[in-house]
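Q: structural data only, the sequence is not supplied:
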């Protein structure tokens, strides 16, 4: 007999981020962050494949009043270099935080204020 646990994989398939102006936001993920756009129409939807876990950007014309929060984290090879590059490019960045396990991270905002983290593990 199959159970829910037997048919569900223990990994994230995709992360969906709703945006108001897709054509404005896509270049941030595709060109600035360098994430591979696997498919999309350039107008209102795009899927970025990140080695098995995808980021799905979907345009939603309804204005949202929900507070912006961290949607996901991207692994960084060099957190200090990533911070410097993004700061120099004018991206909104938080301070770098070091956690007790040695993990270091900072948050950035895409052009619509969606927050994501960059993380470097020990």
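A: Arrived safely, thanks for sending. Keep in mind that what you see is a predicted model, and the values were worked out from it rather than measured.
Q: for this protein, which segments count as strands?
A: Applying DSSP state E to the chain gives strands spanning 14-19, 37-40, 45-50, 53-59, 70-75, 97-98, 104-109, 115-120.
Q: per-residue pLDDT of residue 74, please?
A: pLDDT recorded at residue 74 is 89.
Q: any idea how many residues pack against the residue nearest to it when sequence neighbours are not counted?
A: Distance criterion Cβ to Cβ, 6 or more residues apart in numbering; nearest residue to residue 74, sequence neighbours excluded, is residue 118 at 5.5 Å. The way it works is simple: take the backbone N, C-alpha and C, and place the C-beta from them, glycine included. Close neighbours of residue 118, defined as other Cβ atoms under 10 Å, add up to 20.
Q: so residue 49 makes contact with residue 36?
A: Yes. Assessed by Cβ atoms under 8 Å, residue 49 is found in contact with residue 36 at 5.7 Å.
Q: okay, now the domains of this structure?
A: Per automatic domain parsing, the structural domains of the chain span 12-60, 68-122.
Q: the first one: end-to-end distance?
A: If I follow you right, that is domain 12-60. One end of domain 12-60 to the other measures 22 Å (Cα to Cα, to the nearest Å).
Q: where does this structure have low pLDDT?
A: Applying pLDDT under 70 to the chain flags residues 4, 7-8, 62-68.
Q: how close does the closest residue to residue 19 other than its chain neighbours get to residue 92?
A: Spatial nearest neighbour of residue 19, excluding adjacent residues (Cβ to Cβ, 6+ apart): residue 25 at 4.6 Å. Residue 25 is 14 Å from residue 92, where distance means Cβ to Cβ, to the nearest Å.
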